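1. What would the 3D arrangement of this be:
(one chain, ligands or ions: 1)
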Amino acid sequence: MRDLIDDDLATAEVASLPPPLLEARGLSYAVYRKPIIHNLDLRVEPNRRLVILGANGSGKTTLLRLLHGLILPSSGHIETNTLHPNAMVFQKPTLLRRSVRANLDFALKAYGVARTARRQSVTDALACARLQEKADQPARSLSGGEQQRLACARALACRPSILFLDEPTASLDPASTQMIEAQLEAATADGVTLVLVTHDAGQARRMADDIIFLHAGRIVERQSAVDFFNTPRSASAQAWLAGELYVDP
Ligand SMILES: Nc1ncnc2c1ncn2[C@@H]1O[C@H](COP(=O)(O)OP(=O)(O)OP(=O)(O)O)[C@@H](O)[C@H]1O
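-> Next comes the predicted model:
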């Protein structure tokens, strides 16, 4: 009898979990028959920060592009359950040859925000990027760190449900990295769900709730960040954390 009640309670608890924002099932991607992502299942839970780790060439960028819909899977399905469109920030910001302000305004306009509402949103986004002083400067004349702050603010201005980020701080110094991370923390507090690819173990420790570790296009580890860093289970993740090259036995 006791077990039955416990089972019922457990079922009720699972049933009351919010649905995932995105669920991928049996996801595979191949180029010229060369498999890059293999039969992968993955859920993006709301208000969690998911960090995807793995060695060079393990398939992180390809997976992120699949999840955002930039490329189509060879097989498998992705279901999304999001209120707003998702957005993506790349390692190299792709800014228009216009002013900082115009880059923000353009994105909001493309998203369908009316002119009067755009003015306030641009002001908020400039503050989010800490670029108020540079609003009228050509976006491409900003420093690398400033450009990336602008790219993040532009992506966040349209209030995406999920923000995908592919090594957004890979070429930035610690101070610029810290500013981007603060921007992302604020977005998380605002309800944006993050899916971040990084090579920076420190950043993963600071930013992640959950970790997925990829090896040769497969998820070999999926843990809470605390468990992953304390007790990585797979040999490839252990090697990665130790800064060693892992060679398949
Ligand atoms: N369009 C393509 N044509 C051929 N091979 C590809 C293509 N896209 C990806 N690959 C290969 O798939 C593998 C995974 O690439 P991907 O860029 O996803 O890895 P990654 O984990 O993001 O690597 P890195 O950490 O070096 O950025 C690599 O071996 C890459 O060469």
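2. quick one, what contacts the residue nearest to the spatial centre of the chain?
-> With distances taken as Cα atoms, centre = their mean, Val195 lies nearest the centre of the chain, 2.3 Å away. Residues near Val195 by Cβ atoms under 8 Å, 6 or more residues apart in numbering: 44, 50-52, 64, 67, 162-165. In this view, the C-beta of every residue, glycine as well, is placed from N, C-alpha and C.
3. can I assume it sits in a helix?
-> No - Val195: not assigned to a helix; according to DSSP: H, G, I helix; E, B strand; the rest coil it is strand.
4. Residues of this protein that sit close to the ligand?
-> Neighbours of the ligand within the chain, by Cβ under 6 Å from any ligand atom: 31, 36, 54, 56-62.
5. Among those, give me the pair with the biggest separation.
-> Maximum pairwise distance in the residues of the chain next to the ligand, criterion Cβ to Cβ, is 17.8 Å, between Val31 and Gly54.
6. Show me which of the two is the more surrounded one.
-> Between Val31 and Gly54, counted using other Cβ atoms under 10 Å, the more crowded position is Gly54 (24 against 10).
7. Find the residue closest to that one in space, skipping its chain neighbours.
-> Nearest non-adjacent residue to Gly54, counting by Cβ to Cβ, 6 or more residues apart in numbering: Leu214, 3.5 Å away.
8. got it, and Glu79?
-> Glu23 (4.9 Å).
9. Could you pull up the residues touching the one you found?
-> 42-44, 78-79, 81.
10. let's see it at 10 Å
-> Residues near Glu23 by Cβ atoms under 10 Å, 6 or more residues apart in numbering: 41-45, 77-81.
11. Those, buried ones only, as a ChimeraX selection?
-> Buried members of the contacts of Glu23, defined by 16 or more other Cβ atoms under 10 Å, are picked up in ChimeraX with:
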select :42,43,44,45,78,80
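12. Closest one of the contacts of Glu23 to the ligand?
-> Closest approach between the contacts of Glu23 and the ligand, by Cβ to the nearest ligand atom: Leu42, at 14.6 Å.
13. In three-state terms, how would the closest one be classified?
-> strand.
14. which of the residues of the chain next to the ligand count as buried?
-> Of the residues of the chain next to the ligand, these count as buried by 16+ other Cβ under 10 Å: 36, 54, 58-62.
15. circling back to that earlier point, for the residue nearest to the centre of the chain, give the beta-bridge partners.
-> Taking DSSP bridges as the rule, Val195 bridges to Leu50, Phe164.
16. do the same with Ser75
-> Ser28.
17. give me the number of residues near it?
-> For Ser75, using other Cβ under 10 Å, the count is 10.
18. Show me where this structure has its strands.
-> Under the criterion DSSP state E, strands of the chain are mapped to 22-31, 34-44, 49-54, 75-80, 87-89, 162-166, 193-197, 210-215, 218-224.
19. Quick one: residues contacting Leu95.
-> Taking Cβ under 10 Å, 6+ apart, we find Leu95 in contact with 102-103, 106, 138-140, 142, 147-148, 150-151, 154.
20. Distance-wise, check the closest residue to it other than its chain neighbours relative to the ligand.
-> Spatial nearest neighbour of Leu95, chain neighbours left out: Ala139 (4.1 Å); criterion: Cβ to Cβ, 6+ apart. According to Cβ to the nearest ligand atom, to the nearest Å, Ala139 and the ligand sit 25 Å apart.
21. Kind regards, and thank you for your time.
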